[in-house]
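J.: just need the structure, nothing else, for what follows:
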Amino acid sequence: MPTPPCTPPSQQPAYSSWMRYFSPAPVHRRLGLVCLGVGVQQGVLPVVGPRVLDHHVAVVLTRGRGWFGHGGRPAQPVAAPALLWLVPGVEHHYAPDPEGGGWDESFVDFTGAGVGAYTDLGYITPDRPVVPLSGTTGVQHVVDGIVRAARRGGPLLEVEAAAQVPALLVALRYARAEVSRHGEAVVDALARDALLPISVAEHAARLGMPLPELRGAVRRSTGAGVKEYLLGIRLTRAKELLARTDLPVAGIARRVGYEDPAYFSRLFSRRVGMAPVRFRAQQSVRGAGCGGAAQGMGRRA
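T.: Coordinates of the predicted model:
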């Protein structure tokens, strides 16, 4: 889409813009994700770009429509509610439609070593720079928190803003329009059956869907594969049983879907970082009100 001709300042439509930028220190960047800036804008905003950034930006459109060009591809129309992903090293440019009164947007700039993991989990989608949203209430709540921190300032600002970036990515993931009720129903049903000692293929058969369809639904809803999703549920339940019951490890293994206790112990140790018996010794809350429980509480403190 061609860049519109320049308009004399006296004839340009009005818009409002508020933004702050941060300069996190090296120690802040060790947090994994840091916030580099936040802004809230409304109206017929100027064209952005073409430009290339060295960090990520989530641009959230809450009202209006316009266009977005990315990676040298032709500009495409966009309409709120929607998310625009600006990613490092990729040229982009965009603007609202002036005839429609512009648009309302919020943006958060961020970077850090944690970006790769969130991308692998599907929370950041460089290959899909325009993401329709079902709503923006939860997202705006997080952005408002960053704005309040920026207005307040103070010595905790960098850490407080950085802590909101993962919350923003989670809120954006929940807000995606393509997370259908069907996908959520599949994941809910899979969670209910997660402790059954059956294979992924048998889970798909119980749900009446082809295995590739099950894998796709779980990946879209959770960002993880089916085996990884089931494993997380099983290990969470195993930890609860280890901490709160006297069941032997072999019995717990069977309760969470593993007939072979030795395999369960190896899997638990590899994922948790310690054997089931050691986890029980550290985390046991059995015998509430007795001396053993008090000693256990002392160890955790």
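
J.: mind listing the strands for the chain?
T.: 15-21, 34-43, 48-51, 56-70, 76-79, 82-86, 92-96, 103-111, 130-132 (DSSP state E).

J.: could those strands go into JSON lines alongside distance to residue 257?
T.: All C-beta spots, glycine's among them, are computed from the backbone N, C-alpha and C. Listed next are those as JSON lines, based on distance: least, C-beta to C-beta, whole Å:
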{"stretch": "strand 15-21", "distance to residue 257": "49"}
{"stretch": "strand 34-43", "distance to residue 257": "40"}
{"stretch": "strand 48-51", "distance to residue 257": "51"}
{"stretch": "strand 56-70", "distance to residue 257": "38"}
{"stretch": "strand 76-79", "distance to residue 257": "44"}
{"stretch": "strand 82-86", "distance to residue 257": "37"}
{"stretch": "strand 92-96", "distance to residue 257": "46"}
{"stretch": "strand 103-111", "distance to residue 257": "38"}
{"stretch": "strand 130-132", "distance to residue 257": "35"}
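
J.: excluding residues flanking it in the chain, which one is nearest residue 20?
T.: Distances taken as C-beta to C-beta, 6 or more residues apart in numbering place residue 150 nearest to residue 20, at 4.1 Å, with adjacent residues excluded.

J.: against residue 269, how distant is residue 275?
T.: Computed as C-beta to C-beta, to the nearest Å, the residue 275 to residue 269 distance reads 5 Å.

J.: ok, residue 219 next?
T.: 27 Å.

J.: likewise residue 26?
T.: Taking C-beta to C-beta, one finds residue 26 at 35 Å from residue 269.

J.: neighbour count winner among these two?
T.: More crowded of residue 26 and residue 269, by other C-beta atoms under 10 Å: residue 269, with 15 against 6.

J.: let me see the contact set for that one.
T.: Contacts for residue 269 (C-beta atoms under 8 Å, 6 or more residues apart in numbering) come out as 275, 276.

J.: all helices of the stretch 201-301 of the chain, in order?
T.: Remark: helices assigned in the stretch 201-301 of the chain by DSSP state H, counting those that start in this stretch are 211-222, 226-244, 249-255, 261-272, 276-283, 291-300.

J.: residue 65 is nearest to which of these?
T.: Judged by C-beta to C-beta, the one of the helices of the stretch 201-301 of the chain that comes nearest to residue 65 is helix 211-222, at 25.6 Å.

J.: many thanks, we can stop here.
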